[in-house]
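J.: Any chance you can model this:
(4 chains)
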Number of protein chains: 4
Amino acid sequence: MNTDFQQVLDEINAAIRPHLGQDGKVAGYIPALARVPARQFGIALRTCDGYEAASGDSAVPFSTQSMSKLFSLTLAMKHLGDQLWERIGREPSGNPFNSLVQLENERGKPRNPFINAGAIAVADRLVTHGQAIDGLLSLISSLCGEAITIDAEVAQSEADTGFRNAALANFMKSFGSLDNDVAQVLHVYFNQCAIRMSCLQAARAAGFLCRDGRHPVTGDHVVSEALTRRINSLMLTCGTYDAAGEFAYRSGLPCKSCVGGGIVAVVPDKLTLCAWSPALDTTGNSLLGMKALEMFVGKTGLSVF
Amino acid sequence: MNTDFQQVLDEINAAIRPHLGQDGKVAGYIPALARVPARQFGIALRTCDGYEAASGDSAVPFSTQSMSKLFSLTLAMKHLGDQLWERIGREPSGNPFNSLVQLENERGKPRNPFINAGAIAVADRLVTHGQAIDGLLSLISSLCGEAITIDAEVAQSEADTGFRNAALANFMKSFGSLDNDVAQVLHVYFNQCAIRMSCLQAARAAGFLCRDGRHPVTGDHVVSEALTRRINSLMLTCGTYDAAGEFAYRSGLPCKSCVGGGIVAVVPDKLTLCAWSPALDTTGNSLLGMKALEMFVGKTGLSVF
Amino acid sequence: MNTDFQQVLDEINAAIRPHLGQDGKVAGYIPALARVPARQFGIALRTCDGYEAASGDSAVPFSTQSMSKLFSLTLAMKHLGDQLWERIGREPSGNPFNSLVQLENERGKPRNPFINAGAIAVADRLVTHGQAIDGLLSLISSLCGEAITIDAEVAQSEADTGFRNAALANFMKSFGSLDNDVAQVLHVYFNQCAIRMSCLQAARAAGFLCRDGRHPVTGDHVVSEALTRRINSLMLTCGTYDAAGEFAYRSGLPCKSCVGGGIVAVVPDKLTLCAWSPALDTTGNSLLGMKALEMFVGKTGLSVF
Amino acid sequence: MNTDFQQVLDEINAAIRPHLGQDGKVAGYIPALARVPARQFGIALRTCDGYEAASGDSAVPFSTQSMSKLFSLTLAMKHLGDQLWERIGREPSGNPFNSLVQLENERGKPRNPFINAGAIAVADRLVTHGQAIDGLLSLISSLCGEAITIDAEVAQSEADTGFRNAALANFMKSFGSLDNDVAQVLHVYFNQCAIRMSCLQAARAAGFLCRDGRHPVTGDHVVSEALTRRINSLMLTCGTYDAAGEFAYRSGLPCKSCVGGGIVAVVPDKLTLCAWSPALDTTGNSLLGMKALEMFVGKTGLSVF
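T.: All right, here's what the predicted structure looks like:
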């Protein structure tokens, strides 16, 4: 089956490459992201027993943006467990990822940890528990087995232009939903968005999610089996902005996407997978990354349903 | 493993019964539902290979209400395939099941087939394709292996008091989203809500969903394997009103609930399960039915994640 | 000053006519309205002491549509006084005239009597008090000094296509905000929308509003002085759909507009005025009718501010 | 008539005082406001020809808060004229004064200059035109005929707790609707909210609004006659948060209220009036201030309608 996965990824890469640069748009809200060439595609996976396969631009680092929310959530659940849900919901939002409407209607409680408001609230809890950006980098680096870093230029750009996120943070602060200073929380959030990883690194970093919460290298529990199931279920219902239903419908896998063009997916008890291509569809998800996941499920029959 | 399931259901029944009548509220919007005694609980399952287990009030028929949306969706997908999505979305709504707000914002296109507006739109498509209530009863009866009927008193009560649903239907009609007369479509919808089944019947009727779309008795495809996966993913993301995230988080199973107090769940490739208890929580889902599902997953480790 | 008014209206007519048919769009949602030629303009006024002036197509009858809401409100206030406000607000809506969003947020209580939902709620109260369509025609005919009638073809078209209004009525009924059958209330509402008047008739019918509530011919109180002030204030804040601020800003007069293209305005203690031209702007108000009112205020200095 | 006004205000004061401290709540969101004793009431007026009358606590300074929006709007209209409306609407909002929902739906354009978002946008334009807080104090002091100052403690408190306003400002900045730095604009806004005046000073400062825009002392035009009418119309439709309809209905006067408990009102061509009492109703308007205005209209018959 190992050989098959390499072949599957190569077939997908071969099928996708002719479409590079045709449709979708690279995220353009900060210069450092807008400069990323659209004509790139990579895909990589790592199975529960440590086999790895990769194809295309799978070693090119990209800005993980919202994908970092998966790891900040993991770190927060590790430290707070279900207490985390006092200030953050776990329902799909039905609104764009950066909407303030829901936050007003529900008095400052973000609908889930994967919309921006929710991730900012998670960052606040991490600050309170002395974790924040160092704890996050340390967790991800350990999961990847190598040092993961922040792109300082991207982090600065996020801070310079992050008015919408500043609005979300101040809005939550006005409801008493943040413990810490708005500036401090935003500093963590803007830095976590600037974490860089390649497809292969992302597939490795998410590895605990297909292993009932066990560290892909050490085998220790990163989070418990029960919490791992819950993270997977959150990815499936909320992991791809306002297109979670579409993703679940087409791929049937828990996923977390990002405007950097990456999508990391979990096949429980089997493998984790990351596809990456910078051009996004109108929902902010990678157009060809999504297509690649759908092809993977079609070719392997792996799906949770 | 057969014996185990019977034991598991008996244990769950024994654990649940002391809580009957303590919390939650029986749906009271029509007299025929309000009269149902709260102190009832049943649970039943049927495996892919035909083994059945049941405990408690598993043979007592209840009003399947929104659970019928699962079968009308199946019938519509069977006849229209993915063409069904021209007029209906497949994203979680983030609003109550009978909200008109989303419908106004998205110009008459319901967010998914499991909110009331979406089910009314599905009913409209069934009328257009000559299926409607007879086709639906015929499908469910075949799946159950016995004649399933409508509770005429409930259907009449739904019609007498269904002003909100009439608002939804007229609203969609104003956007040109319904083919047929509002009255005709509502007639179908109010009747399908009044279909009666017991837990065991519901577990049987849903049986095709754990068998890649194959009829639980004949083995013929009710819908294709691909469409079956998609129905399961819709149940997981949208099947329990505005608590889909909570359900996915706690049980990790595709479910469809109803204000009659039933919840039908799918463990792909393994079994279908129905728990029933009339008292509802504030989200309109059966309080003890949900508890029972969570216990089932805890005891058996069966979950899609 | 009498002579002046005739001259003012003639000047306005002369200035407006070259623009007929250039901009805006005739209401097209029912055939009987869509057929009305766009290239028409009329203007007429009647002073408190009975002097009348008119220019252009001031004798051509048009469908008064939402303008009828002014008279149904008057009739309801006459019969219920401030008790009317138990079920209807008096704040501007900030939403389109036929929006259901506000109604959902405020649990079935329309924001004011001049949006469709509010007028339907007023119609319901009139039915309860045995007034309805006969009472309304009788009031308007008396105010005009001649028989005012309903355009049966328009009334039928409204009923045939009024799904949005049916949605509003059913929605309010679902909140318990209507006393009477939805069909009965809508019958009144669709008929009142089909009342026909010319500019001159409308200026006469509204005459009590500049005379502290006194009937323009008999001098009897139609409504009290206090209630008259309140109707005028409602016209200013809510009388022109979602453009009330714009109207108040540009003309400074209490107005009630309609998709038939008429706008009736009040200069308290001085006169009532009606301008009519069928082409509407994007807010649903007569483009040249509004322009004419603005010119009238500019030329005469008459404004409440 | 001069004597009458003094008598009218004394009667109102006598009628209101027994109710002091009974209902409503003093604004408590910052300590400096929360400390203001509820049992105070003042009322003062100044006619077009310079006569003044006052009663009760009419010389006690209060925090003018949103009343300052009236003067920042005036200053902005003086400098920008109708160009001001490129970034700010002039329609009633139908939402609370500090809502972000409307701003999201209308892509960063505040509905009117009297909601917080609109006033922040006005402050931004003042900064761009080099006016800001000095220009504003200079205008108000000139109108009052004496130096008007800022309460530094209140300004600091506003800044320390103004997360909701920071959210509004950042949100508009994210839409490109502010020229200047968020911090700079908020500094102006928080300071303008802390301007202190007594009833009598406020009645004097607003004096140009009943004199077709002419300075109450010098007679020069502060703004043109046309712009003055427009400010008055904005006060009537939008000047009292989400209760503008209620105010227009009950008093029929253009008003601007504030959470400091003051309400300034205009009788065009006659007088300006300010009533003050710190306890607010649920809409954020002074409970007894509103009652006093209603009594004034009842006793004098002065109303625009």
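
J.: Toward the C-terminus, what is the element adjacent to the helix-or-strand element of chain A with minimal mean pLDDT?
T.: Of all helical and strand segments in chain A, the minimum by mean pLDDT, DSSP states H and E falls on helix A:101-105, at a mean of 87. Next helix or strand after helix A:101-105 toward the C-terminus (DSSP states H and E): helix A:116-128.

J.: what about that next one and chain D, any contact?
T.: No - Helix A:116-128 lies apart from chain D when judged by CB under 8 Å from any CB of the partner chain; the minimum separation is 11.0 Å. Every C-beta, even on glycine, is put in place using the N, C-alpha and C of the backbone.

J.: Could you give me the buried positions within the least confident helix or strand of chain A?
T.: A:101-104 (16 or more other CB atoms under 10 Å in any protein chain shown).

J.: What about chain B: which of these touch it?
T.: Of the residues in the buried residues of helix A:101-105, proximity to chain B by CB under 8 Å from any CB holds for A:Gln102.

J.: Let me know the closest of the buried residues of helix A:101-105 to chain B.
T.: Closest approach to chain B among these (CB to the nearest CB): A:Gln102, at 6.9 Å.

J.: nearest spatial neighbour of that closest one, skipping sequence neighbours?
T.: Nearest in space to A:Gln102, with sequence neighbours left out and distances taken as CB to CB, 6 or more residues apart in numbering or on different chains, is A:Asn95 at 5.0 Å.

J.: which SS class is that neighbour?
T.: Three-state secondary structure (criterion: DSSP: H, G, I helix; E, B strand; the rest coil) places A:Asn95 in coil.

J.: Which pLDDT value goes with it?
T.: A:Asn95 is assigned a pLDDT of 78 by the prediction.

J.: got it, and A:Met1?
T.: The per-residue pLDDT reported for A:Met1 equals 43.

J.: the helices in the stretch 101-250 of chain A, which residues?
T.: With DSSP state H, counting those that start in this stretch as the definition, the stretch 101-250 of chain A shows helices at residue ranges A:101-105, A:116-128, A:132-144, A:152-161, A:163-174, A:182-193, A:199-205, A:225-238, A:244-250.

J.: Minimum distance to chain C, which residue of chain A gives it?
T.: Sorted by distance to chain C under CB to the nearest CB, the residues of chain A start with A:Asn105, at 9.0 Å.

J.: Around chain D, pick out the residues from the stretch 51-200 of chain A.
T.: A:99-101, A:103-105, A:163-164, A:166-171, A:173-174, A:182.

J.: Can you select the buried ones among those for me in ChimeraX?
T.: Filtering these down to the buried ones (16+ other CB under 10 Å) takes a single ChimeraX command:
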select /A:99,100,101,103,104,163,164,166,167,168,169,170,171,173,174,182
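
J.: hang on, the earlier thing: out of the helices of the stretch 101-250 of chain A, flag the one nearest C:Arg229.
T.: Nearest to C:Arg229 among those is helix A:101-105 (35.4 Å), distances taken as CB to CB.

J.: what helices or strands is that closest one leaning on?
T.: Counting contacts by 3 or more CB pairs under 8 Å, 6 or more residues apart in numbering or on different chains; DSSP states H and E, the secondary-structure elements packed against helix A:101-105 are helix A:163-174, helix D:101-105.

J.: quick one: which of these has the weakest pLDDT on average?
T.: Per-segment confidence across these bottoms out at helix D:101-105, which has a mean of 87 in mean pLDDT.

J.: That one: how far from the chain's middle?
T.: Mean C-alpha position of helix D:101-105 versus that of the full chain (CA atoms, centre = their mean, to the nearest Å) differs by 23 Å.

J.: Same question for stretch A:231-242.
T.: For stretch A:231-242, the distance from its own C-alpha centre to the chain's C-alpha centre is 10 Å (CA atoms, centre = their mean).

J.: wait, A:Arg111 sits on A:Phe97?
T.: No - assessed by CB atoms under 8 Å, A:Arg111 is found out of contact with A:Phe97, at 10.3 Å.

J.: Which one's more surrounded, the two?
T.: A:Arg111 (25 against 21; other CB atoms under 10 Å in any protein chain shown).

J.: The more buried one and chain B: what is the separation?
T.: Counting by CB to the nearest CB, to the nearest Å, the separation of A:Arg111 from chain B is 7 Å.

J.: list the contacts for that residue?
T.: Going by CB atoms under 8 Å, 6 or more residues apart in numbering or on different chains, A:Arg111 touches A:89, A:91-93, A:95, A:102, A:117-118, A:238, B:94.

J.: and what of A:Gly50?
T.: Listed by CB under 8 Å, 6+ apart, the contact partners of A:Gly50 are A:Pro216.
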